[in-house]
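Enquirer: Everything below, folded, please.
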Amino acid sequence: MGTLFSYSISFFREWCFGIGCGLCGRPLIGAVEYRYGLCQDCQEELSLDLYDDSRCARCGRPLISERNCCMTCRQRDPPPQDIALTLYPYQGTAKKLLETYKFHRNLHLGWFLAKGLLEGARYLAERGFLFDAWVPVPPRPGKIKEKGWDQIATISRYITKLSSSSQVSMPVVSCLERLASSSQKKLHRTERAINLKGKIQAVQRVPKRCLLFDDVTTTGSTLRICAETLKEAGAELVGTIALFYD
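Expert: Model (predicted):
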């Protein structure tokens, strides 16, 4: 009851007492600005140009001088996912976007983030990577009770609503579950992988072609473990998209 009440209050506040653009505070004008919670200028500043940068096929980060694979990924074993994509660096305006959504519960911004994921899926589709379903990275146990909501679950709902009018239309299938484990935030790369090993499991039938998504990737350990679990459960193709990379 507490979680539902908390979410309802946040939703009611956003729709009935809008406080302007979630990033710059300017009054919102028109249906598009109201839907995404961002003024046109901030939307343009955050517009994605995925076709301008070459990206590492293993982690999805933009490449600087390398080809196909970044130096960090060359020093690691190949990941279980077949393709990876990241959208924004976790800094500047993009960082403020996620923090305002995630920590201040500006729910309108979830629509903008969902739209970004759909753009990423379309980008992958144009490169021959076609998927049957979105698969969200599962929250740690107790997170919803502790925080009052799960930002990925909210984005999942928005994806479902937006995808009906998108060129890439597919359902969200929450087929993964995370068992009790320590928080990943203060752990190093190796510790993160060990911490989650065996702690992600498939709890229902896994789609053959899965597009796994999360909000932030740092070392990539969480996405790797989730992708590995999907492959072990029968997925033939697994792609990953992270909204932000740190």
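
Enquirer: Other residues contacting stretch 84-92?
Expert: 46, 48, 50, 55-61, 94, 97-98, 116-117, 119-120, 123-124, 216-217, 220, 223, 239-246 (CB atoms under 8 Å, 6 or more residues apart in numbering). All C-beta spots, glycine's among them, are computed from the backbone N, C-alpha and C.

Enquirer: Mind giving me the PyMOL command for buried ones among the residues you listed?
Expert: The PyMOL command for the buried members of those (criterion: 16 or more other CB atoms under 10 Å) is given here:
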select buried, resi 46+50+55+56+57+58+59+60+61+94+97+98+116+117+119+120+123+124+216+217+220+223+239+240+241+242+243+244+245
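
Enquirer: Just the contacts of stretch 84-92: which are in strands?
Expert: 216, 217, 239, 240, 241, 242, 243, 244, 245 (DSSP state E).

Enquirer: taking the mean pLDDT, what do you get for the helix of greatest length in the chain?
Expert: In terms of residue count, the longest helix belonging to the chain (DSSP state H) is helix 109-126. Helix 109-126 shows a mean pLDDT of 96.

Enquirer: Could you do stretch 33-43 as well?
Expert: Mean predicted confidence for stretch 33-43 is 95.

Enquirer: So what's the gap between that stretch and the chain middle?
Expert: Relative to its parent chain, stretch 33-43 has a centroid offset of 19 Å by CA atoms, centre = their mean, to the nearest Å.

Enquirer: Start and end of it, how far apart?
Expert: 9 Å (CA to CA, to the nearest Å).

Enquirer: on that earlier part again, what's the closest of the ones in strands among the contacts of stretch 84-92 to residue 71?
Expert: Among the ones in strands among the contacts of stretch 84-92, residue 245 lies closest to residue 71 (CB to CB), at 15.0 Å.

Enquirer: ok, that closest one touching residue 217?
Expert: Yes: assessed by CB atoms under 8 Å, residue 245 is found in contact with residue 217 at 5.3 Å.

Enquirer: what sits in contact with each of the two?
Expert: 59, 60, 86.

Enquirer: Now do the same contact list for the first one.
Expert: Contacts for residue 59 were tallied using CB under 8 Å, 6+ apart; they are 70, 72, 73, 79, 84, 86, 217, 220, 245.

Enquirer: need the contact list for the nearest residue to residue 63 once chain neighbours are set aside.
Expert: Computed as CB to CB, 6 or more residues apart in numbering, the closest residue to residue 63 that is not its neighbour in sequence is residue 54, at 4.8 Å. Taking CB under 8 Å, 6+ apart, we find residue 54 in contact with 62, 63, 67, 68.
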